[in-house]
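In: can't give you the sequence, but here's the structure:
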């Protein structure tokens, strides 16, 4: 199992990345799944929009795109995150930037764990799970 964070054409770097990697593993295990190879690619709006267009046929910006390579109960995949959209959303939702990036990381892991967010009810469930795991992260990082 390897969980890695890559940075593509951005200057941003996650501080305390060890605690973020620990959180990712805890989220997966809390969902009764097994961590496999996971790649988080933090990049720009331009790259994420190109990928969104090419693979999902969506011509718009988004904060996260998840590619699911799961094998049964083993969580595997690539999660692309647009640092630009995360920054805008942090301002829009009056959130601390690091909180917002952690939320998006959790969101991607929840998608790989089987959560959908197409309906309003599903969105509420995902948001509640994000909040739960954000609280756990804050507890971990306070230690």
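Out: Cool, got the structure. Remember, it's a predicted structure, so these values are computed and weren't measured experimentally.
In: Quick check: which element contains the most centrally placed residue in the chain?
Out: Here the mean C-alpha position of the chain is nearest to the C-alpha of residue 105 (CA atoms, centre = their mean), at a distance of 2.1 Å. When secondary structure is defined by DSSP states H and E, residue 105 falls within helix 97-112.
In: Quick check: buried residues in that helix?
Out: Along helix 97-112, these residues count as buried under the neighbour rule (16 or more other CB atoms under 10 Å): 98, 100-112. Every C-beta, even on glycine, is put in place using the N, C-alpha and C of the backbone.
In: Show me where the chain has its strands.
Out: Under the criterion DSSP state E, the chain contains strands at 3-7, 34-43, 64-68, 74-82.
In: related to what we said a few turns ago, tell me what the helix holding residue 105 is packed against?
Out: helix 17-30, strand 34-43, strand 64-68, strand 74-82, helix 83-92, helix 120-142 (3 or more CB pairs under 8 Å, 6 or more residues apart in numbering; DSSP states H and E).
In: and that helix with helix 17-30, angle?
Out: Here the directions of helix 97-112 and helix 17-30 differ by 30 degrees (axes from the mean of the first three to the mean of the last three CA atoms, to 10 degrees).
In: what's in contact with helix 97-112?
Out: Contacts of helix 97-112 from elsewhere in the structure, counted by CB atoms under 8 Å, 6 or more residues apart in numbering, are 14-15, 20, 23-24, 27-28, 31, 38, 40, 42, 63-64, 66, 68, 70, 75-77, 79, 81, 83, 86-87, 89-90, 93, 95, 117, 126, 129-130, 133-134, 137.
In: Ok, stretch 114-134 next?
Out: 23, 26, 27, 30, 31, 99, 102, 103, 106, 107, 110, 111.
In: try stretch 64-73
Out: 32-34, 36-37, 48, 51-52, 55-56, 76-82, 104, 107-108, 111-112.
In: hmm, try it at 7 Å
Out: Applying CB atoms under 7 Å, 6 or more residues apart in numbering, the contact partners of stretch 64-73 are 33-34, 36, 48, 51-52, 76-81, 104, 107-108, 111-112.
In: Please pick the buried ones from the residues you listed.
Out: When the contacts of stretch 64-73 are checked for burial by 16+ other CB under 10 Å, the buried set is 33, 36, 48, 51-52, 76-81, 104, 107-108, 111-112.
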